[in-house]
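> Here is the input, now give the coordinates:
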Amino acid sequence: MTVKESECHSMAVSWRNGQIYSLIAGIQKNFWGQVISFEEVLQLLKNELKDLQKKAKLEVEQADRKDKKRIQAKYDEMIAAKNDEIIVAKEAVWLYEKFGEGEYKDILGLCKVASLTEIEEKGWSLYSRCLCRSSSG
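Residues are numbered from 1 along each chain as shown. Okay, here's the model as predicted:
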C-alpha cells in the first residue's frame, strides 16, 4: 500500500522553505478502510522513499547517455518532495505524541495555559522567566 491509496479526511500543513507542503494526517484510511496512525504513515513514506531511490538508480543506470541527466533530475525532484513529506510526517508524529487527540496540556518550554492576570504580572510578555532574564542576573 502507498500513501497515494490513502483516503484523506484531514490535512496537516507545514511551512517549509517558502512553500506549503501537505501531508495526509489526522484520521486516515488505507485501501481497506482501516485507520492508520501517524507512525504508520511515516513508515510508509520512508518505504516509498527507499523504493523511489532504488527505481531512480536503476532507471539512470539503464538510460542512454543523453537521457541520464534528465532522468536523474526528474528523480531528484521527486525524492526531494518525498523528503519534505517525511519532515511533515515527523512533525505530525511529534505533535500527536505531545497533544494526542487534540487535548491541550502544558508542555515545559513549549506552551502553558496562563490567565490574563499572570500575563499582566509579567509585563504582558508571553515569554517565560528563564528566557527573559538579563545577563546580569
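> Grab the nearest non-local neighbour of Asp76.
Spatially, and ignoring its direct neighbours in sequence, Asp76 is nearest to Ala56 (7.9 Å; Cβ to Cβ, 6 or more residues apart in numbering). Glycine gets a C-beta too; all of them are placed from N, C-alpha and C.
> And Asp106, by the same measure?
Lys112 (4.7 Å).
> And that neighbour, how close does it get to Val35?
31 Å (Cβ to Cβ, to the nearest Å).
> likewise Ala56?
In this structure, Ala56 and Val35 are 32 Å apart, going by Cβ to Cβ.
> neighbour-wise, which of these two wins?
Between Ala56 and Val35, counting by other Cβ atoms under 10 Å, Ala56 is the more crowded of the two (17 against 10).
> Just give me the neighbour total for Val41.
For Val41, the count of nearby residues is 24 (other Cβ under 10 Å).
> ok, and the closest non-adjacent residue to it?
Closest residue in space to Val41, ignoring its immediate chain neighbours: Ala89 at 5.5 Å, by Cβ to Cβ, 6+ apart.
> likewise Gln72?
According to Cβ to Cβ, 6+ apart, the nearest residue to Gln72 is Val60 (5.2 Å).
> check contacts around the one you found.
Counting by Cβ atoms under 8 Å, 6 or more residues apart in numbering, Val60 makes contact with 68, 71-72, 75.
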